[in-house]
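Asks: coords below, sequence missing:
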Ligand SMILES: NC(=O)c1ccc[n+]([C@@H]2O[C@H](COP(=O)([O-])OP(=O)(O)OC[C@H]3O[C@@H](n4cnc5c(N)ncnc54)[C@H](O)[C@@H]3O)[C@@H](O)[C@H]2O)c1
Ligand SMILES: N[C@@H](CCC=O)C(=O)O
């Protein structure tokens, strides 16, 4: 039976999810503590693949270790094998027509309900999984698994409503022009990173909101939280087959998916290296596909703070500590290179920064006073320690930190390195850990420093400029136009909020399609123009054809 459309509905007013503070003695702290304790009691969990709404247990098990306590694991998950991936793709293609045809209001309602489940019923469970599995402390988990995921879902609904309402501005007499935002022909492949539970949810929800079906390969290091997100979508009413959850060996699963003729789009967030590889793999299969697949990828960063001599000292210090060391520097936006005027460096910045960094407590994220938790795993730990070593070999002076302890969990001390070479390795390459390298410039070299900031790295994700002189802000903003897709004045370079700062960077940092904005939805639709004629045509001749 055709679905009648009997009204033009309006989605509810959307606002950012209020953040809960988790202060001592608060109800939310108690509830989160209980959720973590419960999860610790029940772990390890068993996670299946989900194909067409049904659990698939391949028997090929892999583990998601707990980064603060690597002898234990949060879950064992069944890795998708070739048959499972094939069934997931077939099922996604089979589910597409009905999903795309579902009236927009109903699709919207499903995701609004999912947002309420995230912010309400499952808030603490999802946060607990993010804390234990991905090593976030309570506040970082609140930012990510509670607030940002909820915001992505609610604002996503608002943006799609706005997108759908964009219609041709003119109609010639006797006709009506319409634009229909078709879902892409085929299926979308979502590949998500470990560091944000919200990004996993958003990589699938964005294409699904506009009627696509999605095969989702989560990060092995975020499997359990992402599985909870999948289950939330299911409870909210996403029909079987619309989102297919296929954790598995990344290279193998991806190779099979990208070779499929109905592959229509990649929605990726992760490292630049992997995205470039997938881009090349897609190019190699271009003759296989029915169309030109959309490639949407948000990737690495080498984000900067640029501190002018006129900056407010205390603000610059505090923002720097947060920007570099929150979540152990494992945000794509994390601060990792800092340029400071020598007058400010010598008149308190150095001393205050080192004093504050020395106070940062490192340890298990479920212990409340720990600011810094573990890095995600063995390869990350080894990579970070090796970068500190490389910095020393390049003449860098470790001012604080510089070591780690991997006996129980993967803990790296917050590290500050002073370099005299602004193009030394840790000023240029992404490390993805709690390591900040500082270059001190002469106050008079401001303009030369702008050039340095712009040209030192291949990335263009985030950056912050600290100055009270407006002229300096303007100079920097002009010169650094392409150095960052998200730029902040007198505020740290992390912490973009959905609905407030659309997120993404260019250069090697990604396709900059701006997660958390309307722009990204364009990438997952293929518009069709429809013109309807009301009056008919008597004579095919034009006046210019007449004598
Ligand atoms: N720009 C952004 O918005 C943004 C946001 C979050 C993270 N990141 C970036 O992500 C990186 C950290 O996340 P990560 O460690 O999970 O990244 P990653 O590139 O290692 O992994 C990302 C995803 O790709 C998969 N993958 C890895 N190797 C693969 C291969 N050979 N073939 C197919 N898939 C493969 C992983 O399993 C995971 O699902 C950092 O570089 C960070 O800057 C960027
Ligand atoms: N929304 C995050 C970026 C996500 C990347 O890991 C921020 O701006 O801090």
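Replies: Done, it's in. Here the structure is a predicted model, which is why all the values come from computation and not from measurement. Residues are numbered from 1 along each chain as shown. Ligands and ions are numbered 1, 2, ... in the order given.

Asks: How many neighbouring residues does the residue of the stretch 251-400 of the chain found nearest ligand 1 have?
Replies: Closest to ligand 1 within the stretch 251-400 of the chain is residue 270: 2.5 Å, counting by Cβ to the nearest ligand atom. C-beta here means a position set from N, CA and C on the backbone, and glycine is covered the same way. Neighbourhood size, residue 270 [other Cβ atoms under 10 Å]: 22.

Asks: Repeat that for residue 54.
Replies: A total of 12 residues lie near residue 54 under the criterion other Cβ under 10 Å.

Asks: Tell me the secondary structure of the one residue in the stretch 51-200 of the chain that gets nearest to ligand 1, please.
Replies: At 3.3 Å from ligand 1, residue 193 is the closest residue in the stretch 51-200 of the chain, using Cβ to the nearest ligand atom. Here residue 193 is coil, with the state taken from DSSP: H, G, I helix; E, B strand; the rest coil.

Asks: which strands and helices sit next to the one helix or strand residue 70 maps to?
Replies: Following DSSP states H and E, one finds residue 70 within strand 69-78. Packing partners of strand 69-78 (3 or more Cβ pairs under 8 Å, 6 or more residues apart in numbering; DSSP states H and E): strand 45-47, strand 61-66, helix 123-134, helix 223-236.

Asks: Could I get the pLDDT score of the residue of the stretch 251-400 of the chain closest to ligand 1?
Replies: Note on residue 270: pLDDT of 98.

Asks: With residue 189 as the reference, measure out to it.
Replies: Distance of residue 270 to residue 189, computed by Cβ to Cβ, to the nearest Å: 13 Å.

Asks: Give me every residue in the stretch 351-500 of the chain lying close to ligand 1.
Replies: Taking Cβ under 6 Å from any ligand atom as the contact definition, the stretch 351-500 of the chain meets ligand 1 at 430, 432, 461.

Asks: hmm, which of the residues you listed are the buried ones?
Replies: Neighbour-count burial (16 or more other Cβ atoms under 10 Å) applied to those gives 430, 432, 461.

Asks: Would you enumerate the residues in contact with residue 446?
Replies: Counting by Cβ atoms under 8 Å, 6 or more residues apart in numbering, residue 446 touches 308-309, 341, 472, 475.

Asks: ok so residue 380 is a helix residue?
Replies: Yes. Assessed with three-state DSSP, residue 380 lies in a helix.

Asks: Surely it touches residue 411?
Replies: No. Look at residue 380 against residue 411 with Cβ atoms under 8 Å: they stay out of range, at 11.5 Å.

Asks: Mutual contacts of these two, please.
Replies: Residues touching both residue 380 and residue 411 by Cβ under 8 Å, 6+ apart: none at all.

Asks: Give me the neighbour count for residue 99.
Replies: Using other Cβ under 10 Å, the number of residues around residue 99 comes to 20.

Asks: you'd agree it is up against residue 210?
Replies: No. Taking contacts as Cβ under 8 Å, residue 99 lies outside contact range of residue 210: 10.3 Å.

Asks: Which of the helices or strands spans the residue nearest to the spatial centre of the chain?
Replies: When the chain is reduced to its mean C-alpha position, the closest residue under Cα atoms, centre = their mean turns out to be residue 199, at 4.1 Å. Using DSSP H and E, residue 199 sits within helix 197-209.

Asks: which one of the residues of the stretch 351-500 of the chain next to ligand 1 is nearest residue 314?
Replies: Comparing those against residue 314 with Cβ to Cβ places residue 461 closest, at 26.1 Å.

Asks: And the pLDDT for the closest one?
Replies: 98.

Asks: need the contact list for it.
Replies: Neighbouring residues of residue 461 by Cβ under 8 Å, 6+ apart: 300-303, 332-333, 484-486, 504-505, 509-510.

Asks: Can you name the two of the residues you listed that sit furthest apart?
Replies: Pairwise distances across those peak at 15.1 Å for 302 and 504 (criterion: Cβ to Cβ).

Asks: What is the neighbour count of residue 388?
Replies: Per other Cβ under 10 Å, the neighbour tally for residue 388 reads 24.

Asks: need the contact list for the closest residue to it other than its chain neighbours.
Replies: Leaving aside its sequence neighbours, residue 388 sits nearest to residue 402 (Cβ to Cβ, 6 or more residues apart in numbering; 5.4 Å). Remark: with contacts taken as Cβ under 8 Å, 6+ apart, residue 402 is in contact with 388, 392, 413, 415, 417.

Asks: tell me the phi and psi of residue 402?
Replies: Dihedral angles of residue 402 (phi, psi; degrees, to the nearest 10) stand at phi 100, psi 0.

Asks: Make 16 the starting number, not 1.
Replies: With 16 as the first residue, the last one maps to residue 417.

Asks: what does the chain put close to ligand 1?
Replies: So the chain meets ligand 1 at 206-211, 214, 232, 234-235, 265-266, 269, 284-286, 289, 292, 313-316, 347, 445, 447, 476, 518-519, 524-525 (Cβ under 6 Å from any ligand atom).

Asks: Which of those residues fall within helices?
Replies: 214, 265-266, 269, 289, 292 (DSSP state H).

Asks: In CSV: these, plus distance to residue 463.
Replies: Putting those into CSV (distance: Cβ to Cβ, whole Å) gives the following:
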residue, distance to residue 463
214, 37
265, 42
266, 43
269, 43
289, 35
292, 36
